[in-house]
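1. just the structure for this:
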Amino acid sequence: MLTSKASAALLVTVLAGSLTLSPLAVGQDNATPATTQAAPEEPDGAHRAIRWAQAHLQEMDAAITVLEQNTEQLAGDARTKAEAELDKLRAVREDYQRSLEEALATTDARTREETERLGSALATHWDDFETDLAAYYDAAKADHELRRAVFIARAEAQEAAFRQEIEDLDQSVANAAAGAKAGLDARKAALEARLQESREQLDRLGAATDASWQQFVDGLHNARTAFQAEFEKHQ
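-> Numbers count the residues shown, from 1 in each chain. Take a look at the predicted model:
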C-alpha cells in the first residue's frame, strides 16, 4: 500500500503544495483510476500519491468481493455475525474514499495542518480496515482457504497497481527524447525485476498451508514497500 502511515505522509506532502486536482472518479467497479487535471508544473509525485491511494481502494474492493461470496455460503448465527463485520468493512472503505475525495477536491483551499489531518484520516481508515478484516475472520470462523483467497485477491489488486506504474513508465519511454530513453529503460527493467521478485514471494506465501493471517499481511506490506522503494529510488 509504503505502510499506511507512510502512504499518508506521501499524500500529505504532495497535497500540501499548490496543486489543482480533480476529485477521483468514484463509485466505479474496481476503483478505476481517475484522470486528473494537472497544472503544467505539477509534481509527478502527486500522480503517484493518487495512484497509491487508489491501489488501497482496489485492495479493499478485492477483499470485500471475496468476503461477500463467502458470507453468502454461511448460515445462521455465523452468517449474521459475518454480515455485521462485512458492513463495517464496507463502511471503512467508504470512509477512506470520502476522505481521499475531500483531500483531492479541496487541496488548493486547505492549510497544511488540515491536509495533514486528512492524511492521518486515510492512514486510520486503512488500519481500521485491517482490524475489521481480522474481526470478520473471527466472526466467520475463517479457515485457511478463505484467508488465502483474500490474500490472493489483494495481491492481484496490488500487482495490477504496480503494472500500471510500469505501463505509465513505458509510455514515458516512448515519448522521451533519445538521450533519456536509456535511463528510463533501465528504470523500467528495475521495476519489472522487483515486481517479478514480489510476485514470486507472494506466490510462495499463498501456497503455504500453515501461513498465518499476519504472514499474509506482512507479505503484502513487504511487496508493496519493496516496489515503491524501487520506484522512488529512480526518481
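
2. tell me if I'm right that residue 52 and residue 227 touch.
-> No - counting by C-beta atoms under 8 Å, residue 52 does not reach residue 227; the two are 10.4 Å apart. Every C-beta, even on glycine, is put in place using the N, C-alpha and C of the backbone.

3. who are the packing partners of the helix or strand containing residue 54?
-> Assigned by DSSP states H and E, residue 54 falls within helix 44-72. Counting by 3 or more C-beta pairs under 8 Å, 6 or more residues apart in numbering; DSSP states H and E, the packing neighbours recorded for helix 44-72 are helix 4-15, helix 76-105, helix 112-139, helix 144-175, helix 213-233.

4. in the protein, which residue is closest to the centre?
-> Centrality entry for the chain: nearest residue to the mean C-alpha point is residue 56, 2.3 Å, by C-alpha atoms, centre = their mean.

5. next one: residue 88 from residue 81, what distance?
-> The span separating residue 88 from residue 81 equals 11 Å under the rule C-beta to C-beta, to the nearest Å.

6. neighbours of residue 55, how many?
-> Neighbouring residues of residue 55 were enumerated by other C-beta atoms under 10 Å; the total is 25.

7. just the pLDDT for residue 95.
-> Taken from the predicted model, the pLDDT recorded for residue 95 is 92.

8. that one touches residue 125, doesn't it?
-> Yes - applying C-beta under 8 Å, one finds residue 95 in contact with residue 125, separated by 5.0 Å.

9. of these two, who's got more company?
-> Neighbours around residue 95 and residue 125, counted as other C-beta under 10 Å, are more numerous at residue 125. The numbers are 23 against 16.

10. burial count for the nearest residue to the more buried one once chain neighbours are set aside?
-> Ranked by C-beta to C-beta, 6 or more residues apart in numbering and with sequence neighbours excluded, the top spatial neighbour of residue 125 is residue 96, at 3.9 Å. The burial count assigned to residue 96 is 22, neighbours taken as other C-beta under 10 Å.

11. OK, contacts around residue 96?
-> Contact partners of residue 96, counting by C-beta atoms under 8 Å, 6 or more residues apart in numbering, are 56-57, 60, 122, 125-126, 129.
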